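Asker: Task: produce atomic coordinates for the following.
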Amino acid sequence: MQQIIDYFITNKNDYLELVIQHIDISLTSIIFAMIIAIPLGIFGTRCWGLYKFIKGAFGTLRIIPSLAILVLCIPIMGTGMKPAVTALTILAIPPILINTALAFRTLPEPVLETAFGMGMGKWRTFFTVKLPLAFPLIFTGIKTAVVEVIASATLAAYIGAGGLGSLIFTGLGLMRTDLLIIGGASVGMLSLFSGYLLNVLDHRISKYKNVKVSKSGNKV
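Answerer: The predicted structure follows:
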């Protein structure tokens, strides 16, 4: 325990830099995954054959260990952040893609027919009806991807991308239990904290789901 306390006293700035690097790698990967997966998921609801192909392709890539993808990216991209983000983006795409496609394929038809019957156009229906209804399931996929990416981002240190994995690999190399505990606990707490923040955000955004209207029209 004293070794852990001494580490934070003497290496506080280095530790904060590693945390920032870890968050940067994870956040960048999630953003890229969302940019790719959400449009593909929406488009896949219109072209089921394409969706099955995309889902199968990324599902196959997801089976491959992240470390193997990192190693395969090194000859093309070298070491550093680029191959790490590429591998983590591939890891994050499937849950977002699958949930997005499922969300838009299970939209209630009566609600959509009512929207068109009220004279709503295609784009207005999408943004005011379809997207709000699909959001909870899409966001669930994003939350799953975030937790997986933060945990897997420890491997980024293996190719010089930094992050909290540096503490774990250094601890393994030097046989220092304190570094292993600090690195592993930090990644775990970061995953839990990210999940908590996303749950709070989901609750705030979807607050309208918890508002009920009584028969007299008063909110309860």
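Asker: Grab the nearest non-local neighbour of A33.
Answerer: Nearest residue to A33, sequence neighbours excluded (C-beta to C-beta, 6 or more residues apart in numbering): A92, at 3.6 Å. From N, CA and C alone the C-beta is placed, and that goes for glycine too.
Asker: which residues sit in contact with L179?
Answerer: By C-beta atoms under 8 Å, 6 or more residues apart in numbering, the contact set of L179 is 7, 167-168, 170-171.
Asker: out of these, what pair is the most spread apart?
Answerer: Y7 and I168 (13.5 Å; C-beta to C-beta).
Asker: who has more neighbours, the two?
Answerer: Taking other C-beta atoms under 10 Å, Y7 and I168 do not tie; I168 has more neighbours (22 against 18).
Asker: list the contacts for M81?
Answerer: 24-25, 28, 156, 161-162.
Asker: Pull the residues that contact the lowest-mean-pLDDT helix or strand in the chain.
Answerer: One helix or strand of the chain scores below all others by mean pLDDT, DSSP states H and E: helix 48-63, with a mean of 72. Residues from elsewhere that reach helix 48-63 (C-beta under 8 Å, 6+ apart): 40-41, 43-45, 69, 90-91, 93-94, 97-98, 101.
Asker: Please repeat the previous calculation with a cut-off of 10 Å.
Answerer: 33, 36-37, 40-45, 47, 69, 87, 90-98, 100-101, 105, 148 (C-beta atoms under 10 Å, 6 or more residues apart in numbering).
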